[in-house]
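In: sequence plus predicted model, see below.
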Amino acid sequence: MLTPADTQKLLFSVLTHEQRADFENDREVDFALSVKGVAMKAGDVEREYRFRVNGFYQKGSVAAAAGRMAAAGVNGRIVIDCSHDNSFKDYRNQERVWDNVIEQVCAGSPVLAGLMLESNIREGKQKLGDDPAKLEYGVSITDGCIGWEDTERMIRGAHAALASIRTGV
């Protein structure tokens, strides 16, 4: 069975740079793929095959995870990590994940318990290097992080969205 990371790696291996950027921005991509010199079964003549590919992120994956938990007898809620694989390991994509999860909560998803962000005083990531005096204050040395301003704006936006569903405004 392919994991989400396996699927993403497979998809990215056949996308152009422009298609990958479109996929990361739009969360879906549609394209044709040609494979030349392939025999589908032993004894076949090698020829070109064309495949139609539609890659997309599924908002339903949270519901699927909750269903698998219930089937396994696990009673719990889910915390979503907005970084790492969910953001294509690009800290700048965390807001898309955050917004998607907030939309799911506003739509009534009962299984979401929280969100995690990679956040620091300043955005980005830096290498530790040999001289700690060269480190920039407030920039992560482990994972890439969004900065404080983006973090505050996202949290305040989520608060407003969640408050509006509670009050019906």
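Out: Sure, I can see it. Just so you know, these numbers come straight off a predicted model, no measurement behind them. Numbers count the residues shown, from 1 in each chain.
In: packing partners for the helix or strand hosting S13?
Out: With secondary structure defined by DSSP states H and E, S13 is part of helix 4-14. Judged by 3 or more C-beta pairs under 8 Å, 6 or more residues apart in numbering; DSSP states H and E, helix 4-14 is in contact with strand 47-56. Using the backbone N, CA and C atoms, a C-beta is placed for each residue, glycine as well.
In: rounded mean pLDDT for the strand it packs on, please.
Out: The average pLDDT within strand 47-56 is 67.
In: next one: stretch 89-97
Out: 90.
In: any low-confidence regions in this structure?
Out: 1-5, 27, 37-44, 46, 49-60, 168-169 (pLDDT under 70).
In: how about 80 then?
Out: Along the chain, the parts satisfying pLDDT under 80 run over 1-8, 10-11, 23-68, 75-76, 85, 88, 166-169.
In: okay, now the domains of it?
Out: Here the domain parsing of the chain from automatic domain parsing is 1-57, 59-169.
In: now, of those domains, which is deepest in the fold?
Out: domain 59-169 (a mean of 14; mean count of other C-beta atoms under 10 Å).
In: quick one, what contacts the spatially most central residue of the chain?
Out: Centroid-nearest residue in the chain: N86, 2.5 Å away (criterion: C-alpha atoms, centre = their mean). N86 makes contacts with I80, V97, as judged by C-beta atoms under 8 Å, 6 or more residues apart in numbering.
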